[in-house]
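# Structure of the sequence below:
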Amino acid sequence: MVQKYDVIVVGSGAAGMMSAIVASRNGRRVLLLEKLSRIGAKLKATGGGRCNLTNTLDNESFMSAFGRDGKFMMPALNAFDHKALTDFFSQIGVQSHAPDGFRIFPVTHSSSTIINALESEMDRLGVEVLCSQRVVSLEYDRKRVMGVRTQSDVFFASRVIIATGGKGYPMLGTEGDGYPIAESVGHTVTPLHPAMMPLKTKEKWVENCRADTIAKVELRVNMKKYKKLHAKGDLIFTKEGIRGPVVLDFSREITPLLAKYDEVPLVANFTKGMNEEQIRVHFKKAIAQKPDISTLLLLKTLLPESLSLELCKLAGTDPEVTLAKQEGKARDRLFKLLVWTPLTVNGHEGFKMAMITRGGVSLKEIDPYTMESRKLKGLYFCGEVMNLDGPCGGYNLQWSFASGYLAGSAASS
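Residues are numbered from 1 along each chain as shown. This next block holds a predicted model:
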């Protein structure tokens, strides 16, 4: 029996479910194919299960966070920005809020709320959902797409939307299935790198500082060619390196460099951006109040004890004596370390620990106004499968929903 539909969506993440809903609302017969036994596996894990849907930024500021390719998003955001997204969820029974004034979550702070609402809406609309169906290839002629082939069936449609995600968290089904499918019809897939993940460092002292979160850390790449790369945010030390929001964001820039170099030198400011003169003034005030204060206690006015001790060791200073009694060169080294502490990134856990993928189907080969392939008529892309990724804070989910909305709209027009 010929299984024919108007639109076939491959992948049941945020982008895929949104595109299926929009196409079905426009009166099309829609089939959603998912290779796992359940839908929305990666979406369920998003934001530690809390599901940071989007954020409150205006579109210009939102796009700038994605770098030079961010302008590609303009048509999708104009069609479906964060206000449209929260309105959409409100209409299907999910209320949201921004407790910190920036990040927007469902009020339940549960990704299950989002998945259940999307699933219920697809069911209401009559979207046919088939799980345990891995798409292995496209059916197409020279002019346009004709359908998809799974490991067990062939399904026909004149519009196919690829929403397979990237390669991060492969245990949740994101194994990069969409890339070879795109390449099979002539698309370019840019180099793929794991991103939004912890990093390993060559320095072993970091494991002694695991008890504390360091707020408002600035990280910079200490390589002449990449001096402009920097990030700010909270940092957490681990047994093998560093993690925390600033590291998750900055790893997008670091992992491609690690593919070129064995090590990537960084410098970190742990003193909330203070320079050497500001630190000296701060210490003078503390010493004026307590002249016999030890170097360790002095450092603890700026940093946690564990990090203060390690910086003393690195500088060669005695933590128990006053700053004035330290040897001059050691004291100077300490001030320099307080401004910029060197760290050397030398590894990561690969895609198994990556929340997102850097790289993907080339944006030059996709129409930003429709998400349609410039290589094959009737083929569309949305979400992380494309070469566009953003930092933490609801950026990537908003992009998935917005691109899914645009792809679903264009595929059903």
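# What distance do you get for Q289 to K167?
Using Cβ to Cβ, to the nearest Å, Q289 is found at 55 Å from K167. C-beta coordinates here come from the backbone N, C-alpha and C atoms, glycine included.
# now do L388
Applying Cβ to Cβ to L388 and K167 gives a distance of 15 Å.
# More neighbours: the two, which one.
Ranked by neighbour count (other Cβ atoms under 10 Å), L388 and K167 place K167 first, with 26 against 23.
# In which helix or strand does P319 reside?
Using DSSP states H and E, P319 falls within no helix or strand.
# how near is it to I293?
11 Å.
# now for the lowest-mean-pLDDT helix or strand in the chain, which elements pack on it?
Every helix and strand of the chain was ranked by mean pLDDT, DSSP states H and E. The lowest is helix 41-45, at a mean of 87. Applying 3 or more Cβ pairs under 8 Å, 6 or more residues apart in numbering; DSSP states H and E, one finds that helix 41-45 makes contact with helix 111-125.
# in the helix it packs on, what counts as buried?
Buried residues in helix 111-125, counted by 16 or more other Cβ atoms under 10 Å: S111, T113, I114, I115, A117, L118, E119, E121, M122, L125.
# Quick check: K364 is in a helix.
Yes - using DSSP: H, G, I helix; E, B strand; the rest coil, the assignment for K364 is a helix.
# From K228, how far off is it?
24 Å.
# Would you mind telling me which of those two has more residues around it?
Between K364 and K228, counted using other Cβ under 10 Å, K364 has the larger neighbour count: 12 against 8.
# so M196 touches G390, yeah?
No - judged on Cβ atoms under 8 Å, M196 makes no contact with G390 at a distance of 9.3 Å.
# Which neighbours do these two have in common?
Both M196 and G390 lack any common contact, where contact means Cβ atoms under 8 Å, 6 or more residues apart in numbering.
# Under the pLDDT cut-off, which ranges of the stretch 301-413 of the chain? List them.
Across the stretch 301-413 of the chain, nothing is flagged by pLDDT under 70.
# now the chain
For the chain (pLDDT under 70), the answer is 1-2.
# Quick one: residues contacting K35.
K35 touches C131, S132, Q133, R134, V135, G173, D177, counting by Cβ under 8 Å, 6+ apart.
# buried residues in stretch 362-370?
Within stretch 362-370, the residues scored as buried using 16+ other Cβ under 10 Å are S362, L363, E365, I366, T370.
# And it, end to end?
This stretch, stretch 362-370, spans 15 Å end to end (Cα to Cα, to the nearest Å).
# can you give me how far it is from the chain middle?
On the basis of Cα atoms, centre = their mean, to the nearest Å, stretch 362-370 sits 21 Å off its chain's mean C-alpha point.
# Ok, stretch 243-262 next?
12 Å.
# Which positions within that stretch qualify as buried?
Under 16+ other Cβ under 10 Å, the buried positions of stretch 243-262 are 243-258.
# Over to stretch 319-327?
P319, T322, L323, Q326.
# Distance from the chain centre to stretch 374-389, please.
Worked out by Cα atoms, centre = their mean, stretch 374-389 lies 18 Å from the chain centre.
# swap in stretch 344-359?
11 Å.
# Closest to A407 out of the buried residues of stretch 243-262?
Set against A407, the nearest of these by Cβ to Cβ is R252 (23.8 Å).
# Straight-line length of stretch 202-210, end to end?
16 Å.
# go on, stretch 218-235?
End-to-end distance (Cα to Cα), stretch 218-235: 9 Å.
# Need the contact partners of it.
213-217, 242-247, 249-250, 253-254, 257, 264-270, 273, 340, 342.
# Give me the domain ranges for this structure.
7-192+357-411, 198-348 (automatic domain parsing).
# Out of those domains, which one sits most buried?
domain 7-192+357-411 (a mean of 20; mean count of other Cβ atoms under 10 Å).
# what about it, start to end distance?
7 Å.
# quick one: that domain to chain centroid distance?
For domain 7-192+357-411, the distance to the chain centre is 15 Å (Cα atoms, centre = their mean).
# Residue numbering should commence at 50 henceforth.
In the new count, where the first residue is 50, that last one comes out as domain 56-241+406-460.
# For the stretch 150-299 of the chain, which segments are assigned as strands?
With strands called from DSSP state E, counting those that start in this stretch, the stretch 150-299 of the chain shows them at 152-155, 177-179, 184-189, 194-199, 203-205, 208-211, 242-244, 248-250, 262-270, 279-286, 290-292.
# Alright, I will stop here.
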